[in-house]
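Student: Show me how the following folds:
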Amino acid sequence: MDSWKPLSETDEKQSDALKKETLTIDQVVDRIYKGINFKLLLLFVVATIPASQTGVQVYMTIFTGFIPYSEWTCVSDRCFSLLAESNFSETFYSAGPMCANQLVAGTDFNWTSQRTSFSMDWGIYCESESKLSVVSSFFFVGASIGLLFSTAIIDRFGRKNGAIAGNIIAAFATMIAPWFPLFEVMLAVRVLQGLGMFINLTGIYCWVVEFSPTKLRSVISALILVVWCSGYLMILAISYFIPYWKYVFLTSGSLNILAIIPLLMLPMSPRFALVRGWESEAKEILENFSRVCCVEISMDSIHLEYTTRVQNFFQQLKDFRKFPALRRNTLLCMLSWFTVATLFYGFDFGWGKISANLYQSYLFAALGKVVAIVLTIPACQWLGRKNAVLLFLVSAILSFLLAMPDFKIANGWTLEFAACLAGSMAITSAYAINYLYTSELTPTTHRGMVMSICSTCARLGSFLGIYSSLLYQVVDRRVPLALSAGLTTLYVSAVFFLPDPTGKSIPETPNDVEVTTGKRKYQAVEELKCKAEVMNGLTEKKRLESV
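Tutor: Numbers count the residues shown, from 1 in each chain. Predicted coordinates for the structure are as follows:
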């Protein structure tokens, strides 16, 4: 007869683990989610509110640095004689005569605009107009620098903490700009704005996607970008009702500070907690999330299946060499982000060249973006991520080609403006899906790094895209349209070779990414791992029963 002995504390824990149901975090979240309710919607809206400030700060130089080429009057004899030579033409007060005759502000003419801008204050117009593009583009220099380092913040300190840190940096930079009104200071301000806001946006996006049920990801992804577009409308309204550029900066900085409040209310991402090995914290967060979903569950009866991993930057880099599918997907995503951002911001900073009315053109562009992002929800549900992106990109190529003929539709509307608006909407839809597409292809262990790398590539494209509007001054307008169609074709090629993650579980480790490609080597490793876990469980069960 076997001698009886009491179970040790370790044996009791192992015995309890064998009685628990083993689930992945995806399975737990999907079990909790039974449908949209007010509390769940409120949670995601609160989480995405700070993303609106990225839209505000990206576009604020369009309205605070605008050059009113149609709002000036002659004050010198030379200018009046040129006006007389034009037979007092209504088109004299425009960019052409001002720049062609090298008229000097304050000497030959005075600005008559009721609004102020730093371009007028600092003499940025005509030959020096490229300085305005430099100021705008330096936002993306800062974003690129910030995103290169944001992986250390987001993957080490958490999505929420990274977003808060980014918002504080941007708020500080925005509010000091009016006190030091110099061109060089403005460049530094734009770098800090970009650095802070894109750390903030990447942190928010990772948090929201990692909290989202599988069926809700496309909707939540669209929600983030709709909120981002609300920032576009917000800066449009702020600059329209506040005619002084310095006050626009102060207002935007104040909103940045207020946007930190919703972030303080959020819990950490349960996926991030698991990757760091904090299982009890992850279970507590999931239990609280179940109450929000009105489907309260106890995590005491559930054993979470996960792989702990010490987040080491250099180990993450080595994984790209070790896992070919992870490397290939990341490179294709980098190309996709670069091309789509070049197109996206090329139009966003170029509407002033395509349409004569600054506020009207940007209002239509902003509303078009909201519609485009909302369209991604049914497109992703019906067609899947990959097919939806390809459909929008083909539509964009056709729109750019349609914009080439000279044709006036109505007063203030040309075929070029209408077709470019449609093409811009299609690019916006593809860009919106890009965030979700990339985050679903990338494992949790590398999501912060990959999203940061891809967003850095996008910022490089954004930097170049801003200068594309200057092409209208030196080449035929059809050349930028042809370049846009060519870049979109390159984007199509990159997406064509990417897998479609629609309806699949988010990978947790690089090995999970390789398994989804069907490679036998990695499948065999996964099968052996599962068998070993089963055998260990059975062995342990028999031992405990004998005890």
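Student: tell me the average confidence for the strand or helix carrying Tyr431?
Tutor: Under the criterion DSSP states H and E, the helix or strand holding Tyr431 is helix 415-441. Throughout helix 415-441, pLDDT has a mean value of 87.
Student: Would you pull up how far it lies from the middle of the chain?
Tutor: Taking the mean of its C-alpha atoms, helix 415-441 sits 12 Å from the chain's own mean (CA atoms, centre = their mean, to the nearest Å).
Student: please renumber so the chain begins at 34
Tutor: New numbering, starting at 34: the last item is helix 448-474.
Student: Let me know the angle separating the following helix or strand past it from helix 448-474.
Tutor: Next along the chain after helix 448-474, taking DSSP H and E as the criterion, comes helix 480-500. Inter-element angle recorded for helix 480-500 and helix 448-474: 170 degrees (by axes from the mean of the first three to the mean of the last three CA atoms, to 10 degrees).
Student: show me what contacts the closest residue in space to Gly264 that isn't next to it in sequence?
Tutor: When the adjacent residues along the chain are set aside, Gly264 lies closest to Gly88, with 2.5 Å between them (CB to CB, 6 or more residues apart in numbering). Where C-beta positions appear, they are placed from N, C-alpha and C, glycine not excepted. Contacts were defined as CB atoms under 8 Å, 6 or more residues apart in numbering; by that measure Gly88 touches Trp261, Cys262, Ser263, Gly264, Tyr265, Met267, Ile268.
Student: and if you look at Met437?
Tutor: Residues near Met437 by CB under 8 Å, 6+ apart: Glu449, Arg511, Leu514, Ala515.
Student: and Gly401, how many neighbours?
Tutor: Neighbour count for Gly401, taken as other CB atoms under 10 Å: 18.
Student: What distance do you get for the closest residue to it other than its chain neighbours to Leu73?
Tutor: Nearest residue to Gly401, sequence neighbours excluded (CB to CB, 6+ apart): Met458, at 4.6 Å. With the distance defined as CB to CB, to the nearest Å, Met458 ends up 29 Å from Leu73.
Student: Check Leu266 too.
Tutor: Distance of Leu266 to Leu73, given as CB to CB: 25 Å.
Student: Over to Lys316?
Tutor: Here Lys316 is placed at a distance of 19 Å from Leu73 (CB to CB).
Student: what do you get for Gly227?
Tutor: 32 Å.
Student: now do Arg64
Tutor: Going from Arg64 to Leu73 by CB to CB gives 14 Å.
Student: same question, Gly98
Tutor: In this structure, Gly98 and Leu73 are separated by 41 Å, where distance is defined by CB to CB.
Student: again, but for Thr124
Tutor: According to CB to CB, Thr124 and Leu73 sit 56 Å apart.
Student: Same question for Val242.
Tutor: With distances taken as CB to CB, Val242 is found 15 Å from Leu73.
Student: So what touches stretch 327-343?
Tutor: 50, 53-58, 61, 64-67, 70, 72, 307-310, 312, 315-317, 319-320, 323, 478, 541-542.
Student: one more time with 6 Å
Tutor: Here stretch 327-343 makes contact (CB atoms under 6 Å, 6 or more residues apart in numbering) with 50, 53-57, 65, 67, 70, 307-308, 310, 312, 316, 319-320, 323, 478, 542.
Student: In helices only, show me those residues.
Tutor: Per DSSP state H, helices hold the following members of the contacts of stretch 327-343: Ala50, Ile65, Leu307, Val308, Glu312, Lys316, Leu319, Glu320, Ser323.
Student: on that earlier part again, more neighbours, Gly227 and Leu73?
Tutor: Using other CB under 10 Å as the criterion, Gly227 and Leu73 rank with Gly227 on top: 30 against 20.
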